[in-house]
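Colleague: the sequence and its predicted three-dimensional model are supplied below.
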Amino acid sequence: MTGPREDFSHHEGLDVPGPSDDRSVPYEYPSLDEKTDYWAGRWAEFKRLLRQRWDDPVFRVTLTLSTIVFFGLIIWGLINKYLVPLVFQ
């Protein structure tokens, strides 16, 4: 944003001091000098790469099949641990 901040609040009649009173500098959100957290940056990079690769049909099929196999193995393990001993006692 290169222009001054436009204040759309309904408190025009109130004289409340604050950073919004200085209209001589451009308003930027988030501020440029703000450092991102390490894990927030990693999460943002992961989402960017996921969005970039999502258009590839091979990636979508691979991710879907991997998820199905992963949860299928978890369910199979739970069945073997809890249900099979109950049936064959």
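Modeller: It's in. Numbering: from 1, shown residues only.

Colleague: please make it C-alpha for all contacts and neighbour counts, starting now.
Modeller: Will do.

Colleague: can you map out the helices along the chain?
Modeller: 38-53, 57-78, 84-87 (DSSP state H).

Colleague: and the second one, what's buried?
Modeller: Along helix 57-78, no position meets the burial threshold by neighbour count (16 or more other Cα atoms under 10 Å).

Colleague: what's the mean pLDDT across that helix?
Modeller: Averaging pLDDT along helix 57-78 yields 96.

Colleague: C-alpha coordinates for it, CSV please?
Modeller: The C-alpha atoms that make up helix 57-78 are tabulated as CSV, following Å, rounded to 0.1, in the frame of the first residue of the first chain:
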residue,chain,number,x,y,z
PRO,A,57,-2.8,-35.3,-10.9
VAL,A,58,-0.1,-37.8,-10.0
PHE,A,59,0.6,-36.0,-6.7
ARG,A,60,-3.1,-36.0,-5.8
VAL,A,61,-3.5,-39.7,-6.5
THR,A,62,-0.3,-40.6,-4.6
LEU,A,63,-1.4,-38.5,-1.6
THR,A,64,-4.9,-40.0,-1.6
LEU,A,65,-3.7,-43.6,-1.9
SER,A,66,-1.0,-43.0,0.8
THR,A,67,-3.6,-41.6,3.2
ILE,A,68,-5.9,-44.6,2.5
VAL,A,69,-3.1,-47.1,3.1
PHE,A,70,-2.0,-45.3,6.3
PHE,A,71,-5.4,-45.3,7.9
GLY,A,72,-6.2,-48.8,6.6
LEU,A,73,-3.1,-50.1,8.4
ILE,A,74,-4.1,-48.3,11.6
ILE,A,75,-7.6,-49.8,11.5
TRP,A,76,-6.1,-53.3,10.7
GLY,A,77,-3.8,-53.0,13.6
LEU,A,78,-6.6,-52.0,16.0
